[in-house]
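Enquirer: Below are the sequence and a predicted model for it; my questions follow.
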Amino acid sequence: MVARSSEVRPSAVRHSASPGAGGRRRRGAGRLAGLGLGGAALLVLLTGCSVGSSFDGFGWPQGGISPESHRMYDLWIASCIAALAVGVFVWGLIFWCVVRYRKRGNELPVQTRYNLPMEFLYTIAPILIVSVLFYYTAVVQTDVVRITKNPDVTVEVVAFKWNWQFNYRDGQGPEANTVASVLGTSEVIPVLVLPTDRSIRFEETSRDVIHSFWVPELLFKRDVMPGNVRNVFEISKLESEGAYVGRCAELCGSYHAFMNFELRVVSPEKYDQFLAAKRDGKSTQEALSAIGEDPYATTTEPFKTRRNVATFNPDKSHSDPRN
Ligand SMILES: [Cu+2]
């Protein structure tokens, strides 16, 4: 497949022996290489957040609120750009070959194979590409799952069918004490209040089955396991105040889809006041009101089971699903 003059058939030699054809081919290859380089340079120039947002994140969720989420997002965008650069180059080669070597007569075109430099390139280039992608993936992953010794805030996330409890802890690990707690009920969505600009550790445990703690804006979710497994992850800080819906992302039973909570990100000062109010025995709603925040979740609402005699055992006389 790759050129080697000793392998070339006489007819092909005749064809390529013309100096005009060789010159044209070199110029064509030069143009193609220039086009490829120009395309790659253009893609590199367009790199950064703007490329991601113009292409809708290449399918990756946007609007992350932690440094870790930005790193994962950037890795995805860079990988897409690298894949596109390789793709554009390969597509260019394919179309160039289709046009340049289209059938002109009954003579076979130059048959090339055992070209060592080309074979070498075929082998080395993919290894290099995969190595670079692997390296950056390993760097970002290590960064995202890094655990520090003394995070500013530690929250124990307790999942159960089908709600959440968030325990504010005075230290790390199962031996630490809970100093304040937020418990979700069927009537009230649990609001997890956390501060901006402080490192936060999440320690997860489940009372029954496997759940998954997921705030889409963190661009990260981690399973919440029952038993002795205590899944832990950290974020170095939350960047923007606001209310963000949180969900269970592991199919855990009938009301899995309604197992929502709200992450409320406030300033560090407000967070301290919230925690102080909770420690003083105030309810979560009272403590939220005390710091000037909406006392109830604003991003989601408690679910209605819609389960009663009529809907659980529907028959013709009780067919109205709203009952
Ligand atoms: Cu669940």
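Expert: That came through fine.

Enquirer: Up against the ion, what does the protein have?
Expert: 211, 248, 252, 256, 259 (C-beta under 5 Å from the ion). The C-beta positions use only the backbone N, C-alpha and C, and glycine is treated the same way.

Enquirer: Now rank the residues you listed by neighbours and give me the top one.
Expert: Counting neighbours by other C-beta atoms under 10 Å, residue 211 comes out on top of these with 31 neighbours.

Enquirer: Can you classify the nearest residue to it once chain neighbours are set aside by secondary structure?
Expert: Among residues not flanking residue 211 along the chain, residue 159 sits closest, at 3.7 Å (C-beta to C-beta, 6 or more residues apart in numbering). When classified by DSSP: H, G, I helix; E, B strand; the rest coil, residue 159 comes out as strand.

Enquirer: Go ahead and name everything in contact with stretch 142-154.
Expert: 68, 71-72, 168-172, 176, 194-195, 198-201, 203, 220, 232-234, 271 (C-beta atoms under 8 Å, 6 or more residues apart in numbering).

Enquirer: could you pull out the helices for the stretch 201-323 of the chain?
Expert: Using DSSP state H, counting those that start in this stretch, the helices of the stretch 201-323 of the chain run over 268-279, 284-290, 309-312.

Enquirer: will you turn those helices into CSV that also has mean neighbour count?
Expert: Shown next, in CSV, are the helices of the stretch 201-323 of the chain (neighbours: other C-beta atoms under 10 Å):
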stretch, mean neighbour count
helix 268-279, 17
helix 284-290, 19
helix 309-312, 12
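
Enquirer: Am I right that residue 165 sits in a helix?
Expert: No. Under three-state DSSP, residue 165 falls outside any helix and is assigned strand.

Enquirer: re the thing from before, looking at the helices of the stretch 201-323 of the chain, which is nearest to residue 141?
Expert: Closest of the helices of the stretch 201-323 of the chain to residue 141 is helix 268-279, at 28.7 Å (criterion: C-beta to C-beta).

Enquirer: Keeping just the C-alphas, turn that closest one into PDB.
Expert: Taking Å, rounded to 0.1, in the frame of the first residue of the first chain, the C-alpha atoms of helix 268-279 are listed here in PDB:
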ATOM      1  CA  PRO A 268     -19.200  31.800  53.900                       C
ATOM      2  CA  GLU A 269     -20.700  34.400  56.400                       C
ATOM      3  CA  LYS A 270     -24.200  33.300  55.700                       C
ATOM      4  CA  TYR A 271     -23.200  29.700  56.000                       C
ATOM      5  CA  ASP A 272     -21.600  30.300  59.400                       C
ATOM      6  CA  GLN A 273     -24.800  32.000  60.500                       C
ATOM      7  CA  PHE A 274     -26.900  29.100  59.200                       C
ATOM      8  CA  LEU A 275     -24.900  26.500  61.000                       C
ATOM      9  CA  ALA A 276     -25.000  28.600  64.200                       C
ATOM     10  CA  ALA A 277     -28.800  28.800  63.900                       C
ATOM     11  CA  LYS A 278     -29.100  25.100  63.400                       C
ATOM     12  CA  ARG A 279     -26.800  24.400  66.400                       C
END
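
Enquirer: And for that helix, what's in contact with it?
Expert: Defining contact as C-beta under 8 Å, 6+ apart, one finds that helix 268-279 is touched by 153, 168, 179-182, 193-198, 266, 284, 286-288, 290-293.

Enquirer: let's see it at 6 Å
Expert: Contacts to helix 268-279, defined as C-beta atoms under 6 Å, 6 or more residues apart in numbering, come from residues 180, 193, 195, 287, 290, 291.

Enquirer: now do stretch 191-201
Expert: With C-beta under 6 Å, 6+ apart as the test, stretch 191-201 has contacts from 151-154, 166, 234-238, 241, 262-265, 268, 271, 274, 297.

Enquirer: quick one, what contacts the closest residue to the ion within the stretch 1-150 of the chain?
Expert: Using C-beta to the ion, the closest approach of the stretch 1-150 of the chain to the ion is made by residue 61 at 20.3 Å. Going by C-beta under 6 Å, 6+ apart, residue 61 touches residue 219.

Enquirer: And the pLDDT at it?
Expert: For residue 61, the pLDDT comes out at 84.

Enquirer: before we move on, what about residue 19?
Expert: The per-residue pLDDT reported for residue 19 equals 41.

Enquirer: go on, residue 6?
Expert: With respect to pLDDT, residue 6 scores 39.

Enquirer: can you give me the strands in this structure?
Expert: Listed in chain order, the strands of the chain (DSSP state E) span 153-160, 163-169, 178-183, 191-195, 200-206, 211-215, 220-224, 231-235, 242-248, 261-266.

Enquirer: export the ones you listed to a markdown table and tack on mean pLDDT and distance to residue 122?
Expert: A markdown table is the format used below for the strands of the chain (pLDDT from 0 to 100; distance: least, C-beta to C-beta, whole Å):
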| stretch | mean pLDDT | distance to residue 122 |
| --- | --- | --- |
| strand 153-160 | 96 | 49 |
| strand 163-169 | 96 | 53 |
| strand 178-183 | 95 | 58 |
| strand 191-195 | 97 | 51 |
| strand 200-206 | 96 | 46 |
| strand 211-215 | 96 | 42 |
| strand 220-224 | 94 | 37 |
| strand 231-235 | 95 | 41 |
| strand 242-248 | 96 | 46 |
| strand 261-266 | 96 | 49 |
